[in-house]
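> I would like to see how this sequence folds:
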Amino acid sequence: MDNLNLQDIKIGEDADISELRNTVTLLLNIVEKLWTSQEKLLIENQSLKDEINRLKGEQGVPKFKPKKEKPPQNNDYSSKGKEKGGNKVKEKAKENRRDKIVIDKEVKVEVSLNDLPTDAKFTGYDEVIQQNVKLLRENTLYKVAVYYSASEKRTIRGNLPEEYAGQYGSDLKALIHGLHHVCDTTQGRLECLLHSLGIVISSGTISNILNNELDWAKSEQEEILKAGISCSDFVQTDSTSNKEKGESRTTHIFSGEYFSVYSTLESKSRLAVLYGLQGGAGSIDMLNIAYNESTLGLLEGYNLSKKDKAALLKEFEGETTSLGTFKERVAQNIPELAKKPNMFIRAQHAFALSHYYHQEEMPSVQVLLSDDAPEYTKIAPSHGLCWVHDARFYNKLNPIIGLHREVKERFMNRYWNFYQLLLEFREIPSDQIEQQEALEEKINQEFDTIFTTKTNYAQLDNLINKTFAKKDQLLVVLKVATLPLHNNAAELAARRIVRKRDISLHTWSEKGTQTRDAFLSIVETAIKLSINPFEYIRNRICSNAPFDNLAMLIRRAYYAQFTPMF
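Presented below is the predicted three-dimensional model:
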């Protein structure tokens, strides 16, 4: 039975039960052999993929050991035994940490022969690891030879080596950027640290070093946004307040599985969101807007009057311009519209959305996940809402009447049971279409049943009606199964900029704001791609050799998931 082969199966028309039994036995053994072979190939293939990921600076698929059965509970299982078990766990954790430590230097500690008994035998070495870091000053004095030619009347100087990067070296600049952008070290503390190392540098110079890298950082931020949107099934967004030189600003966060991008603008309006999604920085007045085939329909949706629509058509038909120019021309040529603030803002939104739908400089978002803020509507064809945000409104209800508390508790049990159904839908494999369709039908029916409930608790009924009105947005997951049910990823990304705000309060210039946003986008995206942000920033500042930027790594990570298994 060692050489099992399908060609060995031969069943005649007059085969008896014995021949059939032998054939079934052969088939079962062939299946067993093929299954074993497939398992080996899968393990080998995954091992190769993990190695490729490690070479790209990423991580392989984590390996989890099967859970061990808990020991039976009996009187003999004393506290002393528990302590021993706990010590074993701690020792195992120490071993796991030791495996992760990279050894840079090895030192053998020998015993003096004079201290050894005559019968002592060498049994090996105990391994003791010390982790340490050295932060050393390296100030270099270059003595440049200088010659003067009287005949040619010119001075000749020696050429400084390539590693010379100005008064402050590349490694020092990389350290300043790494500590400031990765560790949130303030400029004042950086100055203190560098002075303690013997580096003579002023706070103004540190500020200049931080801002002088804006060009490449801003360019990379735009590339990250472009790659991130194009390589994501959805984009999550959120915003948080901020300040620039004492003036209020709003930082918009756009994130996905492989990226996080920050854009601080003057407001949280839909215009600001659109500007941020197109990589904009600075004043929103630079946002491009257009009058094209989509504009008239949007103007009608915003209920602009026929007179205003006709005036806008005459003034801007087929034209692309900036928001600032649009405001000036409307104020000058269509003053009646400019005097109606609400309608004027609606017209701006219509023009901005029209341009965004048709522009090709930046990929447009097809599925957007956010909270229920109005600025996020109309941006993407599919707009998903966060269930956790929706549940917060119910959690804020604090009825004092016992009956209402019971009603709310019963309803919330149904609410979270329905949420569990959505989680189950997301777990169904994409090829199980019938199972998906069956559960999708059940989800729709359950939603209609739960969120048309009348409880006679007016405040609760009001919230239920609001949830029912958002059915399409809350159930986008039925169309995009990979879509999360909550916006936690964007909120977690927002915590990073909030931490920056807590430490530094505000930036002092538009350039400083853009530098902070660009580097924070680089750092957070690098972390999502399992790239060491310190090393990445250092390579960008110190290395002249070409290497893969984060946008390329985003695309690699995205397309790697579609690699066929062989």
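
> Let me see the contact set for the spatially closest residue to residue 197 that is not a sequence neighbour.
Distances taken as CB to CB, 6 or more residues apart in numbering put residue 137 closest to residue 197, at 4.8 Å, once the chain neighbours are dropped. For every residue, glycine as well, the C-beta is placed using N, CA and C. Going by CB atoms under 8 Å, 6 or more residues apart in numbering, residue 137 touches 197, 198, 199.

> if I look at residue 494, how far off is residue 122?
The spacing between residue 494 and residue 122, counted by CB to CB, to the nearest Å, is 59 Å.

> Comparing these two, which residue is more hemmed in?
Neighbour count, other CB atoms under 10 Å: between residue 494 and residue 122, residue 494 has more, with 21 against 8.

> State whether the more buried one is indeed within a strand.
No. Counting by DSSP: H, G, I helix; E, B strand; the rest coil, residue 494 falls outside a strand, being helix.

> Now that we're looking at it, what pLDDT does it have?
What the model reports as pLDDT for residue 494 is 93.

> just residue 73 next, same as before
Value for residue 73, per-residue pLDDT: 45.

> I'd like the numbering to begin with 50 instead of 1 from here.
Noted, 50 is the first residue going forward, which turns the last one into residue 122.

> Residues contacting the helix or strand containing residue 380, please?
In the assignment (DSSP states H and E), residue 380 maps to helix 372-382. Helix 372-382 is contacted by residues 320, 332-338, 360-361, 364-365, 370, 386-387, 393, 396-397, 400-401 when judged by CB under 8 Å, 6+ apart.

> what do you get if the cut-off is 10 Å, keeping everything else the same?
320, 323-324, 332-340, 357, 360-361, 363-365, 368, 370-371, 385-388, 393, 396-397, 400-401, 404 (CB atoms under 10 Å, 6 or more residues apart in numbering).

> and if you look at stretch 203-212?
With CB under 10 Å, 6+ apart, stretch 203-212 has contacts from 189, 191-198, 215, 218-220, 591, 593.

> Filter those down to the buried ones and hand me the PyMOL line.
The PyMOL command for the buried members of the contacts of stretch 203-212 (criterion: 16 or more other CB atoms under 10 Å) is given here:
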select buried, resi 218+219
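
> Please tell me how far residue 154 sits from residue 581.
For residue 154, the distance to residue 581 (CB to CB) stands at 21 Å.

> same question, residue 384
Taking CB to CB, one finds residue 384 at 57 Å from residue 581.

> The two: which is more packed in?
Counted by other CB under 10 Å, residue 384 and residue 581 do not tie: residue 581 has more neighbours, with 14 against 9.

> Now do the contacts for the more buried one.
Counting by CB under 10 Å, 6+ apart, residue 581 has contacts 106, 227, 231, 575, 587, 588.

> which residues does the residue nearest to the fourth one when sequence neighbours are not counted contact?
Once flanking residues are discounted, residue 575 sits nearest to residue 582: 4.3 Å by CB to CB, 6+ apart. Contacts here follow CB under 10 Å, 6+ apart; on that basis residue 582 touches 226-227, 230-232, 568, 571-576, 599.

> Report the central residue of this structure.
Closest residue to the average C-alpha location of the chain: residue 308 at 3.8 Å, with CA atoms, centre = their mean.

> shaky segments in the protein?
For the chain, the stretches with pLDDT under 70 are 50-64, 74-75, 77-78, 80-82, 84-85, 113-144, 593-596, 612-615.

> Please parse it into its domains.
With domains defined by automatic domain parsing, the chain comprises 268-431, 438-527.

> Next, count neighbours for residue 261.
When neighbours are counted by other CB under 10 Å, residue 261 registers 11.

> Give the full set of residues in contact with it.
Residue 261 neighbours (CB under 10 Å, 6+ apart): 222, 560, 564.

> Just give me the closest of the residues you listed to residue 445.
residue 564 (38.7 Å; CB to CB).

> Shouldn't the residue nearest to residue 246 be within a helix?
No. With three-state DSSP as the criterion, residue 186 is coil rather than part of a helix.

> Distance check, it against residue 164.
40 Å.

> Equivalent analysis for residue 148, please.
Taking CB to CB, one finds residue 148 at 33 Å from residue 164.

> Output the contacting helices and strands for the helix or strand hosting residue 99.
Using DSSP H and E, the element containing residue 99 is helix 66-104. When contacts are defined as 3 or more CB pairs under 10 Å, 6 or more residues apart in numbering; DSSP states H and E, helix 66-104 packs onto helix 599-609.

> Report the angle between the helix it packs on and helix 66-104.
Relative orientation of helix 599-609 versus helix 66-104 (axes from the mean of the first three to the mean of the last three CA atoms, to 10 degrees): 180 degrees.

> So what touches helix 599-609?
By CB under 10 Å, 6+ apart, the list of residues contacting helix 599-609 reads 98, 101-102, 105-107, 268-282, 305-308, 570-571, 574-575, 577-580, 582, 585, 589, 597.
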